[in-house]
Each structure stands twice: as C-alpha cells, then as structure tokens.
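Q: need a 3D model of the following:
(2 chains)
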There are 2 protein chains.
Amino acid sequence: MSESAERDARHKARMERKKALIDERIAQAQDEYGLLLVHTGNGKGKSSSAFGMVARALGHGIKVGIVQFIKGSATTGEEAFFRRFPQEVRYHVMGGGFTWETQDRQRDISMAKAAWAIAVELMSDPEIGLVVLDELNIALKYGYLELSEVLADIEARPMLQHVVVTGRGAPPAMIEAADTVTEMGLIKHAYKNGVKAQPGVEY
Amino acid sequence: MSESAERDARHKARMERKKALIDERIAQAQDEYGLLLVHTGNGKGKSSSAFGMVARALGHGIKVGIVQFIKGSATTGEEAFFRRFPQEVRYHVMGGGFTWETQDRQRDISMAKAAWAIAVELMSDPEIGLVVLDELNIALKYGYLELSEVLADIEARPMLQHVVVTGRGAPPAMIEAADTVTEMGLIKHAYKNGVKAQPGVEY
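A: Prediction:
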C-alpha cells in the first residue's frame, strides 16, 4: 500500500470509530482511541500539563514524540530532562527564536514547515503513543502553517495515538476537531508583583 | 535555634521579602523567591501541569518532593515514572483509596494528617526546590486537614522553595495566599463521547 493510501485508510478507520462511538451514545465510557487534546487560554499550565502527560505516558511504557514550535533563547528544563531518555522520547525543537526576536517571516515559515514535517513523521509511527505539539497554536496564529493541512495530518494519525496541542488562541476548527479542550484561565500571576520568571516554574 | 524559632524566622524573612517586593512595585520583574502556585477548576491538567513542572525542575537540577493526597486504585504513570529517580524525587502517596471507596472518615483523617506531616518535612528542607501537594484541595474540602494550619506551614517554608497545590475548589484563603492561580476550565471532554479514561492521558 502506498503511503498516501495507508494514510487515507487510517483516516477512514479513525472516522468510522469516532462515528460509531457517537452514534451509539455509549452510556458507560468503554471504548478506547487516541485523543486529540487541546490546551489553550491565557493562564499558565498549557505546556507544563502536556509535559506532565509525557511523564505519565513514560510511566506506562508508552513512547512519546515532542515538537516544540516556539523556542526561547535558553534550553528549557523539560528539554534538558526528557532528552535523558532518547530511547523513549523523540524530542525536536524548532530552530531559531521567537518571531519578534528573528523578525524574518520567511525564515520562520520555512522553519515551521520543517518542524511540521517532523510532526507528521511522528504521527505516522504507530509505535509512538503520544505526540506533543507544543505551541502549535502560535505557529497557526502567525499563519506559518496551513490550518486545514495541519488538521488533516492530525486526523490521519494511527488509531491509538494521542496528540496534545498547546498554545493560546486555539483556532475554532482545532477546538471543533478536539476530543478534550481545556482553557487555562489566569486568575493571578506572580509576574505582576515583580517576580521574575524562575527555572522549574516558568521554563 | 529551636525548630519553632527557625520556622518563625523563615516566616518573617519570607513576609519581609514579599512586603518589600510589593512596596517597591518593581517595574521590571527582577526578584526571586519561592512561589505558591495553585491549579484549580473543573478542567483537566491541574495535576499533569504540576508534574510537568517536576520535569522542568529536574531538568534544572532542582530536587523535588511530591505528596499525593488522593490515591486511586492503580499506580499512576507519573508515580511509576518519577520513582525512577529516588535521588532527585521524594515521592509519597497517601495510603488508602478515595473517600467513597473507604467510607471510613476517621481513617481518612488520620491518613491525611500523616501525609501532611510528610509535606511539612519536605517543606522544611531547603535542599528541595519544588514541593507538589497534589489534590490537597480535596483533603481540605472534606475537612481532613485544618486550612489555617496548612497555610501557616506553607508560609513557613524556605525562601526559595516553590509549592504547587492542585485540586478543584481551592478555598478562597488558599487563592489569597497564592502568588499564581490558574483555573483549568472544561470546554470539552472526551468522556462525554463515551471514551474511557486512558493511560498516559488521564492517569
């Protein structure tokens, strides 16, 4: 079977399973398939919650793929930590810094596309049970990636693979496609009292 | 210096630092002290976000203490995973199951108190940079622990130690005491479509 036919077959199987679930309106939650989870909102915890799921998955012997679409200047704690487990975690950080640091849109777009190609590779591997697409919503917001293509690629993943998408301002179509959406709301933030970002908390 | 005097001294130093920060209304966030973070609300990600912070902290070489106040019947992925690092993580799970499983309030109270004693021990160790008090809000909600004592013990921790408290229904005094509060709001949940809780996502 060609790669494209395999992909279509996976998509069809996924949609049939989803339709069957919804059609049957199962009273007791029984069935199992890979979820699309979206963490959005202006509060904290969108990315860290995804990284907590990585820890959970690893505890269950599930392999993980991570693509970070926004890279700050410093190596983050999560990157330093999860790179300790190269057999269990495939960790990719998109090159370059934030857009307002680089100020070169074409460069940002080509890096986002390269990062997305890696995401698609991870989402084609049924051995990987969880894929984290960290700050993907930001790349979509800036128009670095085509939303319809991104959603189609996510839909075409293996049946049992979970995907977590993080970032403020999740587009409505992403929320529509998701199984579970959490909005992290800001009630209070230490920055406002003059406390600087601290390792282990903010990055 | 006696233990109680040390504790009072730590509390005084913390309050002075906090007051100084607020008094000066520092325009640029510059200063550093251990934060109290609260993750509450009905959505997902309260605990997993705390466990993501654990990964971050470990990536920065920061030691971590974890107390889980609610234990389900199965070992969780986060427990299985973080127990791999006994030199870096002190992991404690309160004995017994959920309250509706045990139906023995006195037993639950004594277990909560024993778990709190461990939390206080972790919060007395300046070598530990991050303490996670997972589902503490639930123990408070059931009245298993005295809120005022809990808050006083948290305030008396070492200056640079971060504490994360999770669980729905954070009491107002906890929110008042916190530096950063995030409310995880539920927008959409896969359970409602008949999908069962899955390893790596829910536990």
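
Q: contacts for the lengthiest strand in chain A, please.
A: Of all segments of type strand in chain A, defined using DSSP state E, the longest is strand A:180-188. Contacts with strand A:180-188, where a contact means C-beta atoms under 8 Å, 6 or more residues apart in numbering or on different chains, come from A:35-46, A:49, A:170, A:175, B:41, B:43-45, B:49, B:175, B:178-190. C-beta coordinates here come from the backbone N, C-alpha and C atoms, glycine included.

Q: and the residue nearest the centre of chain A?
A: Nearest to the geometric centre of chain A sits residue A:133, at 2.2 Å (C-alpha atoms, centre = their mean).

Q: wait, isn't it in contact with residue A:64?
A: No - applying C-beta atoms under 8 Å, one finds residue A:133 not in contact with residue A:64, separated by 11.9 Å.

Q: and the next helix or strand past the worst-scoring helix or strand of chain A on mean pLDDT?
A: When each helix and strand of chain A is scored by mean pLDDT, DSSP states H and E, helix A:99-102 comes last, with a mean of 56. Per DSSP states H and E, helix A:99-102 leads on to helix A:105-122 as the next helix or strand towards the C-terminus.

Q: what residues sit buried inside that following helix?
A: Buried residues in helix A:105-122, counted by 16 or more other C-beta atoms under 10 Å in any protein chain shown: A:108, A:111-112, A:115-116, A:119-120, A:122.

Q: quickly name whichever of those is closest to residue A:140.
A: Nearest to residue A:140 among the buried residues of helix A:105-122: residue A:112, at 9.2 Å, using C-beta to C-beta.

Q: show the pLDDT at the residue lying closest to that closest one once chain neighbours are set aside.
A: Leaving aside its chain neighbours, residue A:112 sits nearest to residue A:144 (3.6 Å; criterion: C-beta to C-beta, 6 or more residues apart in numbering or on different chains). Per-residue pLDDT puts residue A:144 at 91.

Q: and if you look at residue A:10?
A: 79.

Q: residues in contact with the closest residue to it other than its chain neighbours?
A: Nearest residue to residue A:10, sequence neighbours excluded (C-beta to C-beta, 6+ apart): residue A:156, at 5.4 Å. With contact taken as C-beta under 8 Å, 6+ apart, residue A:156 is in contact with A:7-8, A:10-11, A:14, A:123.

Q: neighbouring contacts of stretch A:67-80?
A: Applying C-beta under 8 Å, 6+ apart, the external contacts of stretch A:67-80 come out as A:47-48, A:51, A:54, A:91-98, A:101, A:112, A:115-116, A:118-119, A:122, A:131-136, A:138-139, A:167, A:199-200, A:203, B:52, B:55-60.

Q: and residue A:48, how far from chain B?
A: Going from residue A:48 to chain B by C-beta to the nearest C-beta, to the nearest Å gives 3 Å.

Q: does that residue sit in a helix or strand, and which one?
A: Going by DSSP H and E, residue A:48 is part of helix A:46-59.

Q: gap between that helix and the chain center?
A: In terms of C-alpha atoms, centre = their mean, to the nearest Å, the centre of helix A:46-59 is found 11 Å from the chain centre.

Q: same question for stretch A:115-135.
A: The answer for stretch A:115-135 is 8 Å, by C-alpha atoms, centre = their mean.

Q: hang on, the earlier thing: quick check, nearest of the buried residues of helix A:105-122 to residue B:84?
A: Of all the buried residues of helix A:105-122, residue A:122 has the smallest distance to residue B:84: 23.5 Å, by C-beta to C-beta.

Q: OK, contacts around that closest one?
A: Shown in contact with residue A:122 (C-beta under 8 Å, 6+ apart): A:65, A:67, A:90, A:128, A:131.

Q: can you tell me the closest non-neighbouring residue to it?
A: In space, and not counting its chain neighbours, residue A:122 is closest to residue A:65: 3.4 Å by C-beta to C-beta, 6+ apart.

Q: that's a helix at that neighbour, yeah?
A: No - applying DSSP: H, G, I helix; E, B strand; the rest coil, one finds residue A:65 to be strand, outside a helix.

Q: surely it touches residue A:125?
A: Yes - counting by C-beta under 8 Å, residue A:65 does reach residue A:125; the two are 7.4 Å apart.

Q: and those two? which has more neighbours close in?
A: residue A:65 (24 against 15; other C-beta atoms under 10 Å in any protein chain shown).

Q: contact partners for the more buried one?
A: Residue A:65 sits next to A:89-90, A:92, A:119, A:122-123, A:125, A:128, A:130-132 when contact means C-beta under 8 Å, 6+ apart.

Q: mind checking how far it is from chain B?
A: Distance of residue A:65 to chain B, computed by C-beta to the nearest C-beta: 13 Å.

Q: and what of residue A:62?
A: Distance from residue A:62 to chain B, by C-beta to the nearest C-beta: 5 Å.

Q: for that residue, grab phi and psi.
A: Here is the backbone geometry of residue A:62 (degrees, to the nearest 10): phi -90, psi 130.

Q: check what pLDDT it gets.
A: 96.

Q: got a list of what it touches?
A: A:129-130, B:199-200.

Q: quick check: closest non-adjacent residue to it.
A: residue A:129 (3.7 Å).
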